[in-house]
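> Provided below are the primary sequence and the corresponding predicted coordinates.
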Number of protein chains: 2
Amino acid sequence: MPPRAGQTRTKPGRSTRRPRGSLSREEIITKAFELVEAESVDELSMPKLARHLGVGVTSIYWYFRSKDELIDALVEQAATQFDEIMPTFTGYAWDDHLRHYFRAFRRVFVENPALCDLIVLRAPMRSERAKELIFRRLERELKVLVDAGFPVREALHAYKTLSVYTRGCVLQDRLYAAAGQPTDDRKALASIADPETMPVMSQAVEHWSSSFATDDDFEAGLTTAIEGLGQQLARARAQA
Amino acid sequence: MPPRAGQTRTKPGRSTRRPRGSLSREEIITKAFELVEAESVDELSMPKLARHLGVGVTSIYWYFRSKDELIDALVEQAATQFDEIMPTFTGYAWDDHLRHYFRAFRRVFVENPALCDLIVLRAPMRSERAKELIFRRLERELKVLVDAGFPVREALHAYKTLSVYTRGCVLQDRLYAAAGQPTDDRKALASIADPETMPVMSQAVEHWSSSFATDDDFEAGLTTAIEGLGQQLARARAQA
DNA sequence: ACCTGAACACCGTTCAAGT
DNA sequence: ACCTGAACACCGTTCAAGT
């Protein structure tokens, strides 16, 4: 396309030097987060971000010492956003509460891959603000369990177990999505699982999916863990 | 250091052109795996690998179309190695069996971070050989559960749940190791967990560790899941 | 058939220089 | 104080050329 009349010829993407106060930490974080949402953390690069901001690459380094420091800021942003998106549940019995809570926990990550990349794959958090959000969340969730009769130590273990399990499922989902190859799982198994040499697996063909973290899988594991917790609670109550 | 007499001056690191048949797919994989073990997958680069092999960078591209294809080969190598390292357990009751099996499962990854990088963080596997190894493993492990009375579907869910949970723990461990900052967890919590505003968490301080996947945490989750499975088994047996 | 270096488009980061 | 481009050491990959 030839340059239109009245248009000064410029370097592609940016025409003028940005005025002094026009850039800010916040704008950089916001625009970087946009890029991560649109593509992924791995795709984020300083030159790309600079173009998206309409700035010279090096300008970003005035606000962040390194890309790593920028990512830390994005993780904090993600933690805040996660906290806003997560619904709060009240009035459920402890087991239904856990079920709803971790179902939502998983959904938020599955529906927002950027949050998954920044939180699940970037633990541990280095931001004080993010830690505080986690502590507040834990206070609320542990209270539900302690009120139901769980000793504090067991309540903490219960939350950790379900949190790690759920994040494990979410990671699995994310890796499968990134690989982006919906292979015909059942056929692959069927071709290997000969009834003679693999009697059990050949029976399992109808339930097979190579992802270990489908909705169905997640629900099954969630139920298993909650039933286990139920037994622990019964013992704790009997002791008291 | 001045070049010694009789030594021809060469480019640093490699003196002669390698003879024709001297390089091979296998050697590349072996040396690449060495690098991943010594550093990490993220640190692996084609130039580094070429230096380690004493070859020109581009020679590698005769054997692998891309770095991605090379990594796929490394994943297969890792899967084979994992299969060799994992001990086999026989003669245990189903619950003790699961306990020993997944304890070992976790240990292998914790002690071999390269395997964790290549298997846990690189799922799903694209190699047919790796898939076959997994199916064989599943056949053996599911048999233990089915023999104990689990329906095939429930046995599969049980394995998946514990596998995802264990890999979740391993990932967490790995991320904490990579971050490499053994912060004083308990103090961090104590400074935030005011008994007035956070009564439950302030009681939890003595059990706190910011990693959700310590040995103790893992064992607790493992027990919880196995207890849940015990209940499911009891129901399945009652039905039969 | 196998190994090679030059070259390209990218990346993160530093530095000295503009305003 | 804030924004800039030039420059550096890296990266993955392609290509035409050696043997």
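Perfect, I can see it now. Numbers count the residues shown, from 1 in each chain, chains lettered A, B, ... in the order given.
> Could I get the full set of helices for chain A?
Assigned by DSSP state H, the helices in chain A fall at A:25-38, A:46-53, A:60-63, A:67-85, A:94-111, A:113-115, A:128-148, A:152-179, A:185-192, A:199-204, A:215-239.
> in the third one, what's buried?
Applying a neighbour-count criterion of 16 or more other Cβ atoms under 10 Å in any protein chain shown, the buried positions in helix A:60-63 are A:60, A:63. Any C-beta I mention is one placed from the backbone N, CA and C, and that applies to glycine too.
> Tell me the gap between it and the middle of its chain.
On the basis of Cα atoms, centre = their mean, to the nearest Å, the separation between the geometric centre of helix A:60-63 and that of its chain is 27 Å.
> So is the least confident helix or strand in chain A by mean pLDDT next to chain B?
For chain A, counting by mean pLDDT, DSSP states H and E, helix A:185-192 ranks last in confidence among helices and strands (a mean of 85). Yes. Interface with chain B: helix A:185-192 contributes A:188-189, A:192 (Cβ under 8 Å from any Cβ of the partner chain).
> most packed of the helices of chain A?
Counting by mean count of other Cβ atoms under 10 Å in any protein chain shown, helix A:152-179 has the highest mean neighbour count of these, with a mean of 22.
> Between helix A:215-239 and that one, find me the angle.
Using axes from the mean of the first three to the mean of the last three Cα atoms, to 10 degrees, one finds that helix A:152-179 and helix A:215-239 are set 180 degrees apart in direction.
> Can you pull the poorly scored residue ranges out of chain A?
Applying pLDDT under 70 to chain A flags the ranges A:1-15.
> Against B:S22, how distant is the closest residue to chain B within it?
Per Cβ to the nearest Cβ, A:G168 is where chain A lies closest to chain B, at 2.8 Å. According to Cβ to Cβ, to the nearest Å, A:G168 and B:S22 sit 44 Å apart.
> For the closest residue in space to A:H100 that isn't next to it in sequence, the count of nearby residues, please.
Nearest residue to A:H100, sequence neighbours excluded (Cβ to Cβ, 6 or more residues apart in numbering or on different chains): A:F89, at 5.0 Å. Counted with other Cβ atoms under 10 Å in any protein chain shown, the neighbours of A:F89 add up to 17.
> Wait, A:F89 touches A:F102, no?
No. At 10.5 Å, A:F89 and A:F102 do not qualify as touching, with contact defined as Cβ atoms under 8 Å.
> pretty sure A:V120 is touching A:V170, no?
Yes. A:V120 lies in contact with A:V170 (Cβ under 8 Å); the separation is 5.7 Å.
> tell me, what's touching those two both at once?
Counting by Cβ atoms under 8 Å, 6 or more residues apart in numbering or on different chains, the common neighbours of A:V120 and A:V170 are A:F109.
> can you pull the contacts of A:R153?
By Cβ under 8 Å, 6+ apart, the contact list for A:R153 reads B:204, B:207.
> From A:L142, how far out is it?
Distance from A:R153 to A:L142, counting by Cβ to Cβ: 10 Å.
> anything in contact with each of those two?
Here A:R153 and A:L142 have B:A204 as joint contacts, going by Cβ under 8 Å, 6+ apart.
> could you list every residue that touches the nearest residue to A:I192 once chain neighbours are set aside?
Of all residues not flanking A:I192 in the chain, B:F135 sits nearest, at 5.3 Å (Cβ to Cβ, 6+ apart). With contact set as Cβ under 8 Å, 6+ apart, B:F135 has these partners: A:189, A:192-193, A:198, A:201.
> now A:S209
A:185-186, A:217.
> now A:D83
Counting by Cβ under 8 Å, 6+ apart, A:D83 touches A:133, A:137.
> From DNA strand D, how far out is it?
Distance of A:D83 to DNA strand D, computed by Cβ to the nearest atom of the strand, to the nearest Å: 29 Å.
> Kind regards, and thank you for your time.
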